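In: return a 3D structure for these sequence lines:
(4 chains)
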There are 2 protein chains.
Amino acid sequence: MKNQALILLDTVERLGNLLRVGLRQAGVAQGLQPIHLQALLYLNEANRYSNTPQALAEYLGLTKGTVSQSLLLLARRRLIARHADEKDGRVVRLTLTDKGKETLKELGLTNAWRDALQAASPARLSSAAKVLKEALAALQAKNGHRTFGVCVTCRHNLHIGPRSYVCGLTKEKLSSREVSKICREHSPVEENAV
Amino acid sequence: MKNQALILLDTVERLGNLLRVGLRQAGVAQGLQPIHLQALLYLNEANRYSNTPQALAEYLGLTKGTVSQSLLLLARRRLIARHADEKDGRVVRLTLTDKGKETLKELGLTNAWRDALQAASPARLSSAAKVLKEALAALQAKNGHRTFGVCVTCRHNLHIGPRSYVCGLTKEKLSSREVSKICREHSPVEENAV
DNA sequence: CCCATAAAGTTTCGACACGATACGTTTCGT
DNA sequence: ACGAAACGTATCGTGTCGAAACTTTATGGG
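Out: Residues are numbered from 1 along each chain as shown, chains lettered A, B, ... in the order given. A predicted model of the protein is given here:
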């Protein structure tokens, strides 16, 4: 009997491949590579601390030079906009243009997946997601990668009142919309129970 | 509250990315790209109906021309061997050389994953794998992709005696070792229960 | 204040993936 | 025997990717 962990690994790898192929096919109409779509998806979810080339490079696991090239292409196509940061002249802020947001919406990347899991109960999905999140966190910790979670699950996030949040790291107020976005400085809260 | 299916999708995508980055880092020492390692892994598990460039292309979701280039590189490095098929002069049979098998073994690609899931119970792993397999099958069916399963789970496989198998498609006998390998012609048995 | 150091981004280079297309060979159906 | 189909290869253009050199801006001592 084969190890259960290896069976799961195999399935995740094949799903990852299939999703990647799906991204490729989805992007071919616009002349976009999988990495371009992943960048757009990230920037669509990144909060104001995390919308920089460097953060994107860390998220994707690529070097900053490589990412710089892809961003060049996206800017040429007017899918993203680059602005210099006001406080720090070294950093560049990346935002999706309206065209970029529209492109993402048109692609409808999640439809196939939603259909594929239509039959499964929420409880089973939630259970599966939990197992995979553990694996993800363990792999990220082992490789020294950032976790890139949302503020809601971050130990820096302080809930100081009804719909009022403050990031303990930057001491800045966060809107209730912003705390559900992805942050580069995310550090998961400790889980005591297993 | 966000849809459970979308949370799972996000986790699978990020895991897929991480595994891909891991493949890249593992292969950099030998000057191999992720796709090369995936090809080696596939050929290591493919049965005698499925060790061809065309089957590999379908498995990876790439065109045959692209795969042909990667195989050229692998053959140059003496990691695979190519033989003309005896019966059909059009097809090329691909096998791992000893050097190819050794390379795979040295990389130890599954160790990190095994460690990451060390804490999870087999029952939870099995449950998660089941959900993902359903998603995989649904996506493959929708896109007209082959399933590339092992003969044991194939409706063509006939168990005609103790450790004695026959493939109903080719009418050939299969060894008990062979029925646990990946086949291009795999077609899953019908599941009545949902 | 000055200078070393670090950090964020860009640029350039070489190797290679990838799709599209054209092409050659072999097999199969009629 | 002949055309269609299948398998594989070769070529071309675009773009990814890491490595390394470089620019600009910030930071931290003396």
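In: tell me which residue of chain A lies closest to chain B.
Out: Ranked by CB to the nearest CB, the top residue of chain A for proximity to chain B is residue A:16, at 2.4 Å. Heads up, the C-betas are built off the backbone N, CA and C, glycines and all.
In: distance of the spatially most central residue of chain A relative to residue A:100?
Out: Centroid check for chain A by CA atoms, centre = their mean gives residue A:42 as the closest residue, at 4.6 Å. As defined by CB to CB, to the nearest Å, residue A:42 lies at a distance of 12 Å from residue A:100.
In: would you confirm that the residue of chain A closest to chain B contacts residue B:14?
Out: No: applying CB atoms under 8 Å, one finds residue A:16 not in contact with residue B:14, separated by 9.4 Å.
In: sorry, back to before: give me the pLDDT value at the residue nearest to the centre of chain A.
Out: The per-residue pLDDT reported for residue A:42 equals 97.
In: show me the contacts for it.
Out: Applying CB atoms under 8 Å, 6 or more residues apart in numbering or on different chains, we find residue A:42 in contact with A:56, A:59, A:60, A:182.
In: after the one helix or strand it maps to comes which helix or strand?
Out: When secondary structure is defined by DSSP states H and E, residue A:42 falls within helix A:34-45. Downstream of helix A:34-45, the next assigned helix or strand under DSSP H and E is helix A:53-60.
In: say whether chain B is contacted by that next one.
Out: Yes: interface with chain B: helix A:53-60 contributes residue A:60 (CB under 8 Å from any CB of the partner chain).
In: so what touches that helix?
Out: Residues outside helix A:53-60 that contact it (CB under 8 Å, 6+ apart): A:35, A:38-39, A:42-43, A:46, A:49, A:63-64, A:66-68, A:71, A:91-92, A:94, A:145-146, A:148, A:182, A:184, B:17.
In: give me that answer again for 10 Å
Out: Taking contacts as CB atoms under 10 Å, 6 or more residues apart in numbering or on different chains, the residues outside helix A:53-60 that touch it are A:35, A:38-39, A:42-43, A:45-47, A:49-50, A:52, A:62-68, A:70-71, A:82, A:90-94, A:145-146, A:148, A:182-185, B:14, B:17, B:20-21.
In: does DNA strand D have contacts with the helix holding residue A:42?
Out: Yes: applying CB under 7 Å from any atom of the strand, one finds that helix A:34-45 is in contact with DNA strand D at A:35, A:36.
In: now do the strands in chain A.
Out: Per DSSP state E, chain A carries strands over the ranges A:80-84, A:92-96, A:157-161, A:164-167, A:173-174.
In: got the domain boundaries for chain A?
Out: Here the domain parsing of chain A from automatic domain parsing is A:4-109, A:146-180.
In: now the longest one: how far from the chain's centre is it?
Out: On the basis of CA atoms, centre = their mean, to the nearest Å, domain A:4-109 is displaced by 9 Å from the centre of the chain it belongs to.
In: what's the span of that domain from first residue to last?
Out: Taking CA to CA, to the nearest Å as the measure, domain A:4-109 stretches 30 Å from start to finish.
In: check contacts around residue A:71.
Out: Contact criterion CB under 10 Å, 6+ apart gives A:36, A:39, A:43, A:53, A:56, A:57, A:64, A:79, A:80, A:82, A:92, A:94 as the residues in contact with residue A:71.
In: mind picking the two most distant members of those?
Out: By the measure CB to CB, the contacts of residue A:71 have their two most distant members at A:64 and A:79, which lie 19.4 Å apart.
In: those two: which is more packed in?
Out: For residue A:64 against residue A:79, the residue with the higher neighbour count under other CB atoms under 10 Å in any protein chain shown is residue A:79, and the figures read 24 against 13.
In: for that one, which non-adjacent residue is closest in space?
Out: Excluding the flanking residues, the one nearest residue A:79 by CB to CB, 6 or more residues apart in numbering or on different chains is residue A:100, at 3.9 Å.
In: ok so, going back, from the contacts of helix A:53-60, list the buried ones, please.
Out: Neighbour counting by 16 or more other CB atoms under 10 Å in any protein chain shown classes A:35, A:38-39, A:42-43, A:45-47, A:49-50, A:52, A:62, A:67, A:70-71, A:91-92, A:94, A:145, A:148, A:182-185, B:14, B:17, B:20-21 among those as buried.
In: want to throw the strands of chain A into JSON lines with mean pLDDT and distance to residue B:168?
Out: Output for the strands of chain A, formatted as JSON lines (pLDDT from 0 to 100; distance: least, CB to CB, whole Å):
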{"stretch": "strand A:80-84", "mean pLDDT": "96", "distance to residue B:168": "54"}
{"stretch": "strand A:92-96", "mean pLDDT": "97", "distance to residue B:168": "53"}
{"stretch": "strand A:157-161", "mean pLDDT": "93", "distance to residue B:168": "59"}
{"stretch": "strand A:164-167", "mean pLDDT": "94", "distance to residue B:168": "62"}
{"stretch": "strand A:173-174", "mean pLDDT": "92", "distance to residue B:168": "61"}
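In: can you list the residues of chain A near DNA strand D?
Out: Near DNA strand D, when you scan chain A using CB under 7 Å from any atom of the strand, you find A:31, A:33, A:35-36, A:60-63, A:65-66, A:69-70, A:73, A:87-90.
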